[in-house]
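In: Need coordinates for the below:
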Amino acid sequence: IDVDQAECILIKAPDKNILIDTGDIGYGKRIENHLRKNGVFHIDLLILTHPHADHIGSASHIIERFPVSEVIMPEIPEDFLPTTSLFKELLRSLSKKGCSVLYAEKGMSFELGKGAVLEILSPVGYSGDNLNNYSVISKLTFGETSFLFTGDAEEEAELLLLSSGSDISCTVLNAGHHGSSTSNSVAFLKAASPEYAAISCGYGNDYGHPHKEVLSAFKDFGIKYYRTDYEGDIIFGSDGKNITVSAKD
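Out: Next comes the predicted model:
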């Protein structure tokens, strides 16, 4: 979903609705309208990849307005937990609505209907103070197609994931950290070997995302990429064998 320099992804599976991240502060109504327009009135699984504002900014808005069955978040050492009013508001909303909160663990899997499975691959082994590297990384597999969602995981976390032995090969890659060169390392792209990539970023953003080095690497690997700042909402469809792509401003 186009939420400017932030991230929000809706997965409409045969039996379940999954929302990954909720954009920044002020985008709740846009996300809410998008969900309702697409027939989503209940969220089975809300994955908040890591507690930065551009990923959890509108979480409270969504939690207050949609029934949410389960929430997955990374377990972050107490010393590094945010003390922002936004994060505290999120915790209050989760408590108020009685949401079931799970800490992400490698190996968790969720059946989504008709053979579709979402598996949690990371975080694995990271213990530093960079919240990006605690990002929940997940992989959706449906038939012969698969989608890899990476949050803002940077190169250190990518390499830890590779060393863990997880199969990160995918048909569609959600480009890490809005297409930043801190992520999307060559080793990671080589192992993932996607046909397509989606980049969630804001037009003319202050970070220069997506970085030229990443776009160049995508071209070198033959990865066809789409960007929310150019295409708006980007929709990938899968019948288990083939991928369709539609984008609209």
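In: What about the nearest residue to Phe188 once chain neighbours are set aside? Give its phi and psi, please.
Out: The shortest distance from Phe188 to any residue other than its chain neighbours is 4.2 Å, reached at Glu158 (C-beta to C-beta, 6 or more residues apart in numbering). To be clear about C-beta, it is placed using only N, CA and C from the backbone, and glycine gets the same treatment. For Glu158, the backbone dihedrals (degrees, to the nearest 10) come out as phi -60, psi -40.
In: Excluding covalently adjacent residues, which one is nearest to Thr228?
Out: Of all residues not flanking Thr228 in the chain, Asp2 sits nearest, at 4.2 Å (C-beta to C-beta, 6+ apart).
In: Please read the previous query as pertaining to Val186.
Out: Ala217 is the one closest to Val186 (C-beta to C-beta, 6+ apart), at 6.2 Å.
In: May I have stretch 41-49 exported as PDB, CA atoms only?
Out: Output of stretch 41-49 as PDB, limited to C-alpha atoms (Å, rounded to 0.1, in the frame of the first residue of the first chain):
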ATOM      1  CA  PHE A  41     -13.000  -6.300   8.000                       C
ATOM      2  CA  HIS A  42     -10.900  -8.600  10.200                       C
ATOM      3  CA  ILE A  43      -7.200  -9.000  10.500                       C
ATOM      4  CA  ASP A  44      -6.100 -12.500  11.500                       C
ATOM      5  CA  LEU A  45      -2.400 -11.600  11.900                       C
ATOM      6  CA  LEU A  46      -0.800  -8.200  12.300                       C
ATOM      7  CA  ILE A  47       3.000  -8.300  12.000                       C
ATOM      8  CA  LEU A  48       4.800  -5.200  13.300                       C
ATOM      9  CA  THR A  49       8.300  -5.800  12.000                       C
END
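In: Give me the contact list for that stretch.
Out: The contact list for stretch 41-49 (C-beta atoms under 8 Å, 6 or more residues apart in numbering) reads 7, 16-22, 35, 55-56, 59, 62-63, 66-74, 90, 99, 104, 110, 118, 135-138, 149, 151-152.
In: now it: mean pLDDT?
Out: Stretch 41-49 comes out with an average pLDDT of 98.
In: Quick check: buried residues in that stretch?
Out: Neighbour counts over stretch 41-49 (16 or more other C-beta atoms under 10 Å) mark 43-49 as buried.
In: Farthest-apart pair in those, please.
Out: Greatest spacing in the buried residues of stretch 41-49, by C-beta to C-beta: Asp44 and Thr49 (17.0 Å).
In: Next, the distance between the ends of stretch 121-135.
Out: End-to-end distance for stretch 121-135, by C-alpha to C-alpha, to the nearest Å: 10 Å.
In: how far out from the middle of the chain is that stretch?
Out: 14 Å (C-alpha atoms, centre = their mean, to the nearest Å).
In: returning to what we had before: count the residues that sit near the residue nearest to Val186.
Out: When neighbours are counted by other C-beta atoms under 10 Å, Ala217 registers 19.
In: returning to what we had before: looking at the buried residues of stretch 41-49, which are in strands?
Out: Among these, DSSP state E puts 43-47 in strands.
In: export those to TSV and tack on distance to Ile235?
Out: Shown next, in TSV, are those (distance: C-beta to C-beta, whole Å):
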residue	distance to Ile235
Ile43	18
Asp44	19
Leu45	19
Leu46	20
Ile47	19
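In: now, which of those residues sits nearest Ser85?
Out: Closest to Ser85, out of all of these and judged by C-beta to C-beta, is Leu46, at 20.3 Å.
In: quick revisit: who's in contact with the residue nearest to Thr228?
Out: Asp2 makes contact with 200, 228-229, 231-234 under the criterion C-beta under 8 Å, 6+ apart.
In: Looking at per-residue confidence, what score does it get?
Out: Here, the pLDDT recorded for Asp2 equals 97.
In: and the gap between it and Glu154?
Out: 24 Å (C-beta to C-beta, to the nearest Å).
In: same question, Asp79
Out: Counting by C-beta to C-beta, the separation of Asp79 from Glu154 is 19 Å.
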